[in-house]
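Colleague: with the input below, show me the fold.
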Amino acid sequence: MSKTQLFDLDGKIAFVSGASRGIGEAIAKLLAQQGAHVIVSSRKLEGCQQVADGIVAEGGKATAMACHIGEMEQISGVFAQIREQFGRLDILVNNAATNPQFCNVLDTDLGAFQKTVDVNIRGYFFMSVEAGKLMRENGGGSIINVASINGVSPGVFQGIYSVTKAAVINMTKVFAKECAQFGIRCNALLPGLTDTKFASALVSNEKILNTALAQIPLKRVAAPGEMAGAVLYLASDASSYTTGVALNVDGGFLS
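Modeller: Next up, the predicted model:
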């Protein structure tokens, strides 16, 4: 009996935002291991280049491209680059996100509110629009939005972040319904508490960590690599009949 080719991404072009570290880096590496040419992206080119070089050193295919998804002109610029260099895009992973404020919702700063909305909602939305246009021209593709369990069960002192992640879950369903006719699938990953720099305020505070672990049936924090397998499923032919789904990878937190 031969091995399955369901997870094979040979010949696919994949774009991963927020890929210079953490969950995004783990996703970029796994997609490359499965044969995709991965465009490693985040705000600063240097960090992306390091990840891309690491992928190439291991025999994979990768290109670094800087893009701050909170800036509309940078989204336009990076897609012009993708069109020119590759002429197609098969997989988009919207992973870059921001959570600049950790406070009671009544103390929300307007600047922090705007920044969070600009990146986590507007950024994801127009990255998906641009990717969707390219995918429509080439017969389809897969968009994966990294949302959060906070989109279902708001995190304490993470008000506007939680609101934006709820919007991402609904946005995923919008694109799934309206883009299916073009062969484009759109799904969301909902990570639970993961050991990344992004979550360091939670993971490094023993009291907060113990409170969180008490609500997680698996009783531990996830490693970034534990999110990548779910994204591979959603990016590959293994999920060819899966669209509009919000997949919890949270150690049982939402169960």
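
Colleague: and the helices in this structure?
Modeller: Under the criterion DSSP state H, the chain contains helices at 22-33, 45-57, 72-85, 110-117, 124-137, 159-179, 200-203, 206-213, 225-235.

Colleague: pick the most deeply packed of the ones you listed.
Modeller: Of all the helices of the chain, helix 22-33 has the most neighbours on average by mean count of other C-beta atoms under 10 Å, namely a mean of 26. All C-beta spots, glycine's among them, are computed from the backbone N, C-alpha and C.

Colleague: need the residues that contact that helix.
Modeller: Counting contacts by C-beta atoms under 8 Å, 6 or more residues apart in numbering, the residues outside helix 22-33 that touch it are 9, 14, 16-19, 38, 40, 42, 51, 54-55, 58, 60-62, 91, 93, 95-96, 146, 191, 194, 196-198, 224-225, 227-229, 231-232, 235.

Colleague: need the CA coordinates for it. CSV is fine.
Modeller: The C-alpha atoms that make up helix 22-33 are tabulated as CSV, following Å, rounded to 0.1, in the frame of the first residue of the first chain:
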residue,chain,number,x,y,z
GLY,A,22,6.5,31.5,16.4
ILE,A,23,3.5,29.9,14.8
GLY,A,24,4.1,31.5,11.4
GLU,A,25,7.6,30.2,11.3
ALA,A,26,6.5,26.7,12.2
ILE,A,27,3.8,26.8,9.5
ALA,A,28,6.3,28.1,6.8
LYS,A,29,8.8,25.4,7.6
LEU,A,30,6.2,22.6,7.4
LEU,A,31,4.6,23.8,4.2
ALA,A,32,8.1,23.9,2.7
GLN,A,33,8.9,20.4,3.9
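
Colleague: from the chain's centre, how far out does it sit?
Modeller: Centroid separation between helix 22-33 and its chain, computed with C-alpha atoms, centre = their mean, to the nearest Å, is 10 Å.

Colleague: what angle sits between it and helix 45-57?
Modeller: Relative orientation of helix 22-33 with respect to helix 45-57: 30 degrees, computed using axes from the mean of the first three to the mean of the last three C-alpha atoms, to 10 degrees.
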